[in-house]
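Participant: no FASTA, just this:
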């Protein structure tokens, strides 16, 4: 999965122009000329290597971030929470939200986090594979929801096509299963690493 970019313009016109029956946009917009179902919501989470949970200064509470490098993704779209928003929501003081390493793309930031270079703040779905494999963990349970979500969008009257309806239902079912599976994988990966349970804030 790549960094999402919010869509602009008329979705129905764009789909018809390209001969597309089903799209999965990342957006906070409404599409009155389409049939729309939310696929899944997206949140910003903290991400780090499991090694940082056993570091000289282990990540046990959000205030422990003062001992670690903050990894930033310089987003190209507005409305995405940053470290300032997360630290404020966590009630953390004394940590400079601007310090740390900056990356232009999420894969680079996640690679740095996997390498133990610091703690990243990113969209949870973008780290799903690394979380499932245990390369990354979510050290704190605080999640900041985005206004944008992923949607299944079909221009009217395409949804009446039985094949499209079956495909839409399959997408919705798979998304629901993967959300639950990802959370279970995160718990198992943390247990395999022998790390402390994430701290609720």
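Facilitator: All right, it came through fine. Values in this document were obtained by computation on a predicted structure and should not be read as measured data.

Participant: per-residue confidence for the closest residue in space to residue 90 that isn't next to it in sequence?
Facilitator: Leaving out its chain neighbours, the residue that sits closest to residue 90 by Cβ to Cβ, 6 or more residues apart in numbering is residue 62, at 4.1 Å. Where you see a C-beta, it was placed from the backbone N, CA and C, and this is true even at glycine. Note on residue 62: pLDDT of 95.

Participant: same deal with residue 75?
Facilitator: Reported pLDDT at residue 75 in the predicted model: 72.

Participant: now residue 118
Facilitator: At residue 118, the model reports a pLDDT of 97.

Participant: ok, residue 139 next?
Facilitator: pLDDT, residue 139: 94.

Participant: can you give me the neighbour number for it?
Facilitator: 28 (other Cβ atoms under 10 Å).

Participant: tell me how far residue 68 lies from residue 40.
Facilitator: To residue 40, residue 68 is 29 Å away according to Cβ to Cβ, to the nearest Å.

Participant: same question, residue 164
Facilitator: Applying Cβ to Cβ, the value for residue 164 to residue 40 is 20 Å.

Participant: ok, now residue 21?
Facilitator: Separation of residue 21 from residue 40 (Cβ to Cβ): 21 Å.

Participant: now do the helices in this protein.
Facilitator: 11-17, 83-90, 106-114, 128-133, 162-192 (DSSP state H).

Participant: out of the ones you listed, nearest to residue 47?
Facilitator: Among the helices of the chain, the nearest to residue 47 by Cβ to Cβ is helix 106-114 (5.2 Å).

Participant: and the longest strand belonging to the chain, how far from the chain's centre?
Facilitator: In terms of residue count, the longest strand belonging to the chain (DSSP state E) is strand 34-47. Mean-position distance between strand 34-47 and its chain equals 8 Å (Cα atoms, centre = their mean, to the nearest Å).

Participant: could you give the angle of that strand to helix 106-114?
Facilitator: Here the directions of strand 34-47 and helix 106-114 differ by 30 degrees (axes from the mean of the first three to the mean of the last three Cα atoms, to 10 degrees).

Participant: so which elements touch strand 34-47?
Facilitator: Secondary-structure packing of strand 34-47 (3 or more Cβ pairs under 8 Å, 6 or more residues apart in numbering; DSSP states H and E): helix 11-17, strand 119-123, strand 144-155, helix 162-192.

Participant: what's the closest of the ones you listed to residue 91?
Facilitator: Nearest of the helices and strands packed on strand 34-47 (Cβ to Cβ): strand 144-155, 13.4 Å.
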